[in-house]
Each structure stands twice: as structure tokens, then as C-alpha cells.
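Visitor: sequence unavailable; structure follows:
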């Protein structure tokens, strides 16, 4: 035999390859080529992250750099009157929610109480020994409610300027509540700043994410003493009065929206918070009015770069390769991608970042999205597309599902549209900017009511109940957080 294979018809089949085999080999070859083109970028290290975070004492010190501006704001009689009025009004309304929280907490403890015998005889029950076995003293042990903690990140971008004062009033009342019930908390702002740069990356092997310009700064926390807390809250209130950054601080300039960078910073902040307070249930909340800017990365200079080619065909090939390649962020044991650094994949990347944040920290994640009716509708529809709780993965059917959710929201007279699992959050709440302001209107009483008549008394009671519900509902952040921990 000469080593060739022949069929019964005498044809040589030694070089024959099936179409399936050929297709497989071509696919493997293309996959190898794609793998070479794929981009893998490491998440920033702790030094990079900490360089973006400014603690409260540094933030307050920066406000005083322009001392004349600082003193003028803090001693202005008109502003001082507005601050005291807000503080006193807040005390009354927060006190109601504190009592509500304490009632729910007591109900939780008693509903899970256990009664057990102590082993000691009860003299008052000895006479019943013939017909009742329960002649021992008993003790009731109340269930211990879980310890909670809260960290809040507020978007400090330029588009927030017109609503930042309303947002900060809501945030301060949330802080007052946490302070009153003993829940440890911290509030941060996040923005982009020309004064913030990551450490120089010189010796990193491979590509690494950069956070140049991203700034996360602490606004208030529960650790400072009573006097410092009062001053820090007043500064925050006045800084955002009418517009943001009234102290002209370099750290608090209204800039961009580095939400993705902030999520990575939040991971480090949450880890330190949990280690400090050892809380059982930690809740991390983000507030924003827009989508995040893209993440950026530093190219490892040790990689050999292809020589520039003026040939238009080769130039087009390189451009096409960059557009079609997969781009991943290595964050812990998770790959975020395949469009981690591309604008077209922002929502998918956003969801993956939130899910991984929750896995790493063990914290719940809540988002409040603020926007005009049009932007709110778009944000809700996008959240539905990127939610496991809804079936729609296309815009039109998701929009129809949003309309259904919206109808229920109107029926419930709620200020927020709730999207379950939206973008990976445990709670994704959409609020129209016109509904962010706190309502503190006085109860209007009809002078013609006769309080000797049960009917008129019932009318007044209903008005009071409606007003109380409206006041609670207008405190969106506080009411949602209270519901979360109750």
C-alpha cells in the first residue's frame, strides 16, 4: 500500500476535510485572534482609591480656606434664621418618625419573644400542681433587633445645582433620624475635580484603571461630637443654599458624575465602616440625576505597540479591531465586561458593578434617581431592561411595563416609582425633581366646623391624617430608609 486512502470508486480522500471541521478550525482561529485583541484592566489598588477620598475634617478645613466667605455665610442673620427654622421644623417631624420606628422595633421584639421556665418553683402556683404542670417561675426573653448602619453617596455634579438644596435638606433629616435612634452613618458627595489626581502609576505590570479627577468627600458622620455635628450640618445647609458650593471649596465644586469610580471607592469605605461599627445590616445608598461617565485606564508601557502604518486599509483594520474587541475590568475575582470601558455598554457595566459591590461588601444597595418627567421615564425603562424581575429586554416592551408600574404608583399616591432589582439594586427609586422638596404646610382648618359633632370631628381627623401622610411621603429618603430598617 502507498499510504493513500481510496474509496470504492477509486477516488483519493486523504485531503478531504468535512465542512463542520473546517468551520470549527476557522472559529477557533478567529477566537484566538479575538483573545489577543481583548483588553483586560486591573481595578485600582487601595492607594489609588484612598487618594480620591477626602475625610470630613479635610473637607471642613477646605471650606475655611476662604475665611471671609466662610464667616460671612456662617454669621449672616438671614441665613442663620433659615437654618434654625429648618432645624426646629425637622426636630418635630423627625420625632414622629422616631416614635414610629421605636414602636415597630418593640413590636418586632415582642412578636419574637420566647418564654421559658427558670427551674425555680413559683410559690404562687404551688396550689395548682394537681392540674397544672407550669408551677415554675418563667422568664420572657425579647428578641434582639438587628443593628443597622447607613452610608449615603450624593451626586455633586453640575446638573444637580438646581435641586441640591432640596436634596441636602432631605439628607440632613435622614442624618437627624439616624442620630436620634443611634444608627451609625456617614454621608459623602462625589464629583470630578481638577484638583484630584491618582498616584503616579509607574511599576504596574499590565493595564490598570485610573481615577484621575474623581473626588469622593465626606460631608457629615455620626462619630463627631454634638457641637461639631451642629456646625457641620449648618455648613452643609448653607453651602447648598440656592446653589452648591457657596464656600467656594476646591473639593466641593459641582463637576461631573464619576458614579462607577465612586462605586469602587464605596467598597473600601464600606469595608472600613463595617470594621469600625460591626453592624449586622449595612445599607449603602446612592443618589444621582444622570448616567455615569466612562471608566478610564492606564496602558502598560511595557507592551509593545505596533508601528504606525499610513496604509488606510491597515488603519481601518486597527480601528475596527478596537471597536469590536472585548474590554474587561478585573475586580476581585470577577470580570466586569465585555464593554467595561465603552460608552455603549454603560448600563450593563453599571449592573455588574453594583452586583459585585454587594457581593464584596455584604451591604444592601439602594439608588434614588432624580430627573425631569422625561428623564425619569427613560431611567425607569432602562432599569426595567436591566432587571431580573421583569421580562422585557427591549425598549418598547419595557416602556409598556413602566407604564403599568407608573399607574400603580399614581394609584398609591407615592412620590417614587420603584423598580425591583433595577440595575442590580435592592431598591431602585425614581423621583421627579419637582417632588424632591419637603412639604411643611400648616393644617388648614375650616372655621365652620362644629367640634361638638362627631361628623365634623371625623372630617378634622381625616385632614390631619392626610397631612401627616403627605409630610412623611415628602421626606422621601427618610421614609424609605425607615421602611427598610423597620
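Guide: Nice, thanks for sending it over. Note that the structure is predicted; figures quoted are calculated from it, not measured. Numbering: from 1, shown residues only.
Visitor: in what helix or strand does residue 94 lie?
Guide: If you go by DSSP states H and E, residue 94 is part of helix 77-111.
Visitor: quick one: mean pLDDT for that helix?
Guide: Helix 77-111 shows a mean pLDDT of 81.
Visitor: who are the packing partners of it?
Guide: If contacts are counted by 3 or more Cβ pairs under 8 Å, 6 or more residues apart in numbering; DSSP states H and E, helix 77-111 sits against helix 164-181, helix 226-239, helix 454-474, helix 476-485. (C-beta placed from N, C-alpha, C; glycine too.)
Visitor: residues in contact with the last one?
Guide: Pointing back at helix 476-485 there. Helix 476-485 has contacts (Cβ atoms under 8 Å, 6 or more residues apart in numbering) with 94, 97, 100-101, 148, 150, 152, 170-171, 173-174, 177, 183, 281, 283, 285, 287, 364, 366, 368, 415-416, 427, 429, 431, 435-436, 472-473.
Visitor: now the buried members of the residues you listed.
Guide: The neighbour count (16 or more other Cβ atoms under 10 Å) marks 94, 97, 101, 148, 150, 152, 170-171, 173-174, 177, 183, 281, 283, 285, 287, 366, 368, 415-416, 427, 429, 431, 435-436, 472-473 as buried among the contacts of helix 476-485.
Visitor: what sits up against stretch 393-404?
Guide: Applying Cβ under 8 Å, 6+ apart, the set of residues contacting stretch 393-404 from outside is 377, 380, 381, 382, 384, 385, 390, 391, 392, 417.
Visitor: and it, which residues are buried?
Guide: For stretch 393-404, a neighbour-count test (16+ other Cβ under 10 Å) marks 398, 399, 401, 402 as buried.
Visitor: same check on stretch 246-266?
Guide: In stretch 246-266, counting by 16+ other Cβ under 10 Å, buried: 246-247, 249-266.
Visitor: average model confidence for that stretch?
Guide: pLDDT averaged over stretch 246-266 gives 94.
Visitor: gap between the two ends of it?
Guide: 26 Å (Cα to Cα, to the nearest Å).
Visitor: same thing with stretch 382-396?
Guide: One end of stretch 382-396 to the other measures 11 Å (Cα to Cα).
Visitor: any idea of the mean pLDDT for it?
Guide: Per-residue scores along stretch 382-396 average to 95.
Visitor: name the residues of it that are buried.
Guide: Buried-residue list, stretch 382-396, by 16+ other Cβ under 10 Å: 382, 383, 384, 385, 386, 387, 390, 392.
Visitor: what do you get for stretch 74-90?
Guide: For stretch 74-90, burial by neighbour count (16+ other Cβ under 10 Å) applies to 74, 79, 83, 86, 87, 90.
Visitor: so what touches that stretch?
Guide: Here stretch 74-90 makes contact (Cβ under 8 Å, 6+ apart) with 73, 169, 172, 173, 176, 233, 234, 235, 237, 238, 241, 440.
Visitor: give the contact list for the first one.
Guide: Which is residue 73. Residue 73 neighbours (Cβ under 8 Å, 6+ apart): 79, 238, 239, 246, 247.
Visitor: okay, and it sits in which element?
Guide: helix 67-75.
Visitor: quick one, that helix and helix 226-239 angle?
Guide: Angle of helix 67-75 versus helix 226-239, following axes from the mean of the first three to the mean of the last three Cα atoms, to 10 degrees, is 100 degrees.
Visitor: can you pull out the strands in the stretch 351-486 of the chain?
Guide: Remark: strands assigned in the stretch 351-486 of the chain by DSSP state E, counting those that start in this stretch are 364-371, 416-419, 427-432.
Visitor: what mean pLDDT does stretch 191-208 get?
Guide: 69.
Visitor: stretch 295-305 too?
Guide: For stretch 295-305, mean pLDDT rounds to 69.
Visitor: ranking the helices and strands packed on helix 77-111 by mean pLDDT, which is last?
Guide: helix 454-474 - the lowest mean pLDDT of those, at a mean of 59.
Visitor: just send the buried residues of stretch 382-396 back as TSV, with distance to residue 274 too.
Guide: Output for the buried residues of stretch 382-396, formatted as TSV (distance: Cβ to Cβ, whole Å):
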residue	distance to residue 274
382	31
383	27
384	31
385	32
386	27
387	27
390	32
392	36
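Visitor: which of those residues sits closest to residue 331?
Guide: Using Cβ to Cβ, residue 386 comes nearest to residue 331 of those, at 18.2 Å.
Visitor: tell me how far that closest one lies from residue 398.
Guide: From residue 386 across to residue 398, the span is 9 Å (Cβ to Cβ, to the nearest Å).
Visitor: swap in residue 350?
Guide: 16 Å.
Visitor: what of residue 329?
Guide: From residue 329 to residue 398 the distance is 26 Å (Cβ to Cβ).
Visitor: likewise residue 182?
Guide: Distance of residue 182 to residue 398, given as Cβ to Cβ: 41 Å.
Visitor: same thing with residue 273?
Guide: 35 Å.
Visitor: could you do residue 168 as well?
Guide: 33 Å.
Visitor: ok, residue 277 next?
Guide: 39 Å.
Visitor: again, but for residue 156
Guide: Residue 156 sits 30 Å away from residue 398, going by Cβ to Cβ.
Visitor: dump the buried residues of stretch 393-404 to JSON lines, plus distance to residue 410.
Guide: Below are these laid out as JSON lines (distance: Cβ to Cβ, whole Å):
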{"residue": "398", "distance to residue 410": "19"}
{"residue": "399", "distance to residue 410": "16"}
{"residue": "401", "distance to residue 410": "15"}
{"residue": "402", "distance to residue 410": "13"}
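Visitor: please identify which of the residues you listed is nearest to residue 334.
Guide: Nearest to residue 334 among the buried residues of stretch 393-404: residue 398, at 26.1 Å, using Cβ to Cβ.
Visitor: got the contact list for the residue nearest to the closest one when sequence neighbours are not counted?
Guide: Closest residue to residue 398 in three dimensions, ignoring its sequence neighbours and counting by Cβ to Cβ, 6 or more residues apart in numbering: residue 392, at 3.9 Å. By Cβ under 8 Å, 6+ apart, the residues touching residue 392 are 384, 385, 398, 400, 401.
Visitor: surely residue 282 is in a helix?
Guide: No: under DSSP: H, G, I helix; E, B strand; the rest coil, residue 282 sits outside any helix and is assigned strand.
Visitor: that one against residue 365, yeah?
Guide: No: between residue 282 and residue 365 there is no contact, the gap being 10.1 Å when judged by Cβ atoms under 8 Å.
Visitor: which positions in stretch 153-168 come out as buried?
Guide: 153-160, 163-168.
Visitor: compute the inter-axis angle for the helix or strand containing residue 154 and strand 364-371.
Guide: Assigned by DSSP H and E, residue 154 belongs to strand 148-155. Strand 148-155 and strand 364-371 are oriented at 30 degrees to each other (the same axes, to 10 degrees).
Visitor: just the terminal-to-terminal distance for stretch 40-50.
Guide: Terminal-residue distance, stretch 40-50 (Cα to Cα): 23 Å.
Visitor: determine which two of the buried residues of stretch 74-90 are furthest apart.
Guide: The widest separation within these (Cβ to Cβ) is 19.0 Å, between 74 and 90.
Visitor: what's stretch 358-365 in contact with?
Guide: 151, 266-267, 270-271, 274, 281-286, 332, 334, 354, 357, 424-427, 484.
Visitor: so which bits of that stretch are buried?
Guide: 358, 360, 361, 363, 365.
Visitor: where along the stretch 251-400 of the chain do the helices fall?
Guide: Secondary structure of the stretch 251-400 of the chain (DSSP state H, counting those that start in this stretch): helices at 259-277, 312-324, 346-361, 373-385, 395-411.
Visitor: since that was my last question, I'll sign off now.
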